[in-house]
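Undergrad: One predicted model, sequence on top.
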Number of protein chains: 2
Amino acid sequence: MPEILLLTESELRACVRLDRCAIDLIADGFAALETDAVVMPPVLGMELPAVNGEVDVKTAYLPQLDTFTIKISPGFFDNPAKGLPSLNGLMVTFAADTGLLRAILLDNGYLTDLRTAAAGGVAARHLAPRDTRVAGVIGCGVQAELQLRALQLERDLERAYVWARNPESAGRFAERQTHALDLEVCVAPGIETLVAESQVVLTTTPAKSPLVRSEWLHPGLHITAMGADSPEKNELDPHILTAADRVVTDRVSQSMERGELRAALAQGVIDSTFRPDEIGAICSGAVSGRESDAEITVCDLTGTGVQDTVIAEHAIRIALQNQAGKTLST
Amino acid sequence: MPEILLLTESELRACVRLDRCAIDLIADGFAALETDAVVMPPVLGMELPAVNGEVDVKTAYLPQLDTFTIKISPGFFDNPAKGLPSLNGLMVTFAADTGLLRAILLDNGYLTDLRTAAAGGVAARHLAPRDTRVAGVIGCGVQAELQLRALQLERDLERAYVWARNPESAGRFAERQTHALDLEVCVAPGIETLVAESQVVLTTTPAKSPLVRSEWLHPGLHITAMGADSPEKNELDPHILTAADRVVTDRVSQSMERGELRAALAQGVIDSTFRPDEIGAICSGAVSGRESDAEITVCDLTGTGVQDTVIAEHAIRIALQNQAGKTLST
């Protein structure tokens, strides 16, 4: 039995971070997802209302990679009151040719954060206006920071606005990120102002009802909505999907069940024949990205197993180069 | 972050084995599955025809337990030609109240084998004729042995017949099990004879077309069909499901998609209104088991996440008592 590589969160943090290489790899993964050779089953989702929890399992098989990964993400939302994190989880990686266990990545959600932000970077690369100088981020959690970083890797930002339900948290975020991102980050007085002032808006919340209204759209705006990833979440007014010039998702079928398309379907704003482009079709060159400065574009990201398989293989490759981690013999 | 218990296959083999305690626990799990409080999502199945492989992920949440487990089972059927096992896999166990990772069970499928056999023991307990003396097993793999052992734990066998596609393998199985099970095990000349001579028939193969014909049924026969667990597999002539006095499954919805009910549905022998009992309803006492010596009964087992969660918690409890395994701090 071959050895199994065991990597902890701190070892993984030392190995991989959000950079253009990570964005490139995720873009390649999305492009591969458009081919028949990639197998990505629907998410296994287990809702646990009795304990205010949920567990998602995602995976995908890319024949061009050496491994495939199964990612397990528990979210238990009463944990913070117990002094524990809501989100954690791990990735389990297998050899693509034999199915044998190769690695266990005890990342506590770090790699999920990273691959999620990298997908935002892919969206920004192809859909944000080329001259984007001002961005607005809604929410002030880990993804608010990482999505802003991903956008910075793709565009030269001069200023960012932040809005969050808790103004004090937004203020702390603005202060912290002004230093961390070397960028002027200000708290917006409201979401309408934030949208009006921004060329790119990043929604990064677990909202269950829309935060951004259709009437606030303006020429040249790009929105990346990455918060909704389960059937109860919804960040965008569904009419945004019909008002925008262009809607793109990471996976149409998944967005119909767990993303912004789900809410729009439920409200009858779109029907099941609604067929936005998938971002992989843009990455592969099959369809174009943003076509004009004035276009209004929206990208709904729900998070795919392809990203998990790609980021895990990337992390393992670097860990092996760095001789990080322990090996287990079973 | 609390510690994580890591258990290897050999440590797990030393801790847990197929016994009446395991059968009792699986029976309790099936009974719980009949209540609303248990959450068991559909199996995540990833078919990988390009590499002759498949991966199944199963889980279930039982509020009465301290943990829940996600079980990952890869099957790569070209592995034997490379000197590697087809089946392997692991179980990942989380705290039921916080979703935090508690244990990683590197069992290479051992616990799956065990909980699958224990389910056969539950079926035997409630459905095999009380005076069962002769059993027939079709197939000669790990489950052929374990299902026979499970039946022996529930009934006083005097003799067993085995039939397998490869007569030499069947002969070796008969010789080996005659010693191992302290039971006269003979190779049957064909499946028809095996069925005719047996009060209980255990089908344990990955057959893709029926092995047991409806016209071979006889009064008092019980069949446990545990081989089919994915949409291409089928061991029983679908007419057996309508000819038998009683059909029981581990989970009706799963058997409709991955078990013997699927093939019968596909051939129009039953329709989607066909509603056999679930074995949990028998375990909980809601419905009766075998009602007469002459009844013909069939139990289709597809393997459920409840069994995985139950067996993992059992294994961890014993491992902790025995101070087995390593603990990881992350």
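TA: Received it, and whenever you're ready, just let me know what you need.
Undergrad: Specify the beta-bridge partners of the nearest residue to A:Ala123 once chain neighbours are set aside.
TA: Leaving out its chain neighbours, the residue that sits closest to A:Ala123 by Cβ to Cβ, 6 or more residues apart in numbering or on different chains is A:Cys299, at 4.0 Å. Backbone N, C-alpha and C define where each C-beta goes, glycine included. Taking DSSP bridges, one obtains A:Thr224, A:Val248 as the residues bridged to A:Cys299.
Undergrad: right, and A:Cys299 touches A:Ala225 too?
TA: Yes: the pair A:Cys299 / A:Ala225 is scored as a contact, 7.2 Å apart, by Cβ atoms under 8 Å.
Undergrad: quick one on the thing from earlier: any idea how far the residue nearest to A:Ala123 is from A:Gly120?
TA: A:Cys299 sits at a distance of 8 Å from A:Gly120 (criterion: Cβ to Cβ, to the nearest Å).
Undergrad: go on, A:Ala312?
TA: 19 Å.
Undergrad: before we move on, what about A:Ala103?
TA: Counting by Cβ to Cβ - A:Ala103 and A:Gly120 are separated by 26 Å.
Undergrad: who has more neighbours, these two?
TA: A:Gly120 (29 against 25; other Cβ atoms under 10 Å in any protein chain shown).
Undergrad: Overlap of the contact sets of A:Cys299 and A:Gly120?
TA: A:Thr224 (Cβ atoms under 8 Å, 6 or more residues apart in numbering or on different chains).
Undergrad: More neighbours: A:Cys299 and A:Ala225, which one.
TA: A:Ala225 (31 against 28).
Undergrad: what does the stretch 101-250 of chain A have sitting close to chain B?
TA: A:101, A:104, A:106, A:108 (Cβ under 8 Å from any Cβ of the partner chain).
Undergrad: What count of nearby residues applies to the third one?
TA: Under the neighbour criterion other Cβ under 10 Å, A:Leu106 is assigned a count of 23.
Undergrad: Return the residues in contact with it.
TA: A:6-9, A:90, B:4, B:101, B:328, B:330.
Undergrad: just to revisit the earlier point, which residues does the residue nearest to A:Ala123 contact?
TA: A:Cys299 neighbours (Cβ under 8 Å, 6+ apart): A:123, A:127, A:222-225, A:247-250, A:279.
Undergrad: ok, 10 Å please
TA: When contacts are counted by Cβ atoms under 10 Å, 6 or more residues apart in numbering or on different chains, A:Cys299 touches A:119-120, A:122-124, A:126-128, A:222-226, A:244, A:246-250, A:260, A:276-277, A:279, A:282.
Undergrad: The closest residue to A:Ser288 other than its chain neighbours and B:Pro42: what is the separation?
TA: For A:Ser288, ignoring the flanking residues on the chain, the nearest one in space by Cβ to Cβ, 6+ apart is A:Ile282 at 7.0 Å. Separation of A:Ile282 from B:Pro42 (Cβ to Cβ): 32 Å.
Undergrad: Repeat that for A:Pro206.
TA: Counting by Cβ to Cβ - A:Pro206 and B:Pro42 are separated by 25 Å.
Undergrad: mind listing what's buried in the helix or strand encompassing A:Ala117?
TA: For A:Ala117, the host element (DSSP states H and E) is helix A:110-127. For helix A:110-127, burial by neighbour count (16 or more other Cβ atoms under 10 Å in any protein chain shown) applies to A:110-127.
Undergrad: and if you look at stretch A:64-73?
TA: Under 16+ other Cβ under 10 Å, the buried positions of stretch A:64-73 are A:65, A:67-73.
Undergrad: In what element of secondary structure is the residue nearest to A:Ser288 found?
TA: helix A:279-283.
Undergrad: what's in contact with that helix?
TA: Contacts for helix A:279-283 (Cβ under 10 Å, 6+ apart): A:24, A:26-35, A:38, A:119, A:122-123, A:125-127, A:246, A:248-251, A:286-290, A:299-301, A:304, A:306.
Undergrad: Need the buried ones from those residues selected in PyMOL.
TA: The command below creates a PyMOL selection of those among the contacts of helix A:279-283 that count as buried (16+ other Cβ under 10 Å):
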select buried, chain A and resi 24+26+27+28+29+30+31+32+33+34+38+119+122+123+125+126+127+246+248+249+250+251+287+289+290+299+300+301+304+306
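Undergrad: Please name the residues that touch the nearest residue to A:Ala286 once chain neighbours are set aside.
TA: Of all residues not flanking A:Ala286 in the chain, A:Glu34 sits nearest, at 6.7 Å (Cβ to Cβ, 6+ apart). Residues in contact with A:Glu34 (Cβ under 10 Å, 6+ apart) are A:277-284, A:286-287.
Undergrad: Can you say which helix or strand has A:Asp308 in it?
TA: A:Asp308 belongs to helix A:305-321, assigned by DSSP H and E.
Undergrad: in chain A, which spans are helices?
TA: Taking DSSP state H, the helices of chain A run over residues A:9-15, A:20-33, A:110-127, A:142-154, A:167-180, A:191-197, A:239-243, A:252-258, A:260-266, A:279-283, A:305-321.
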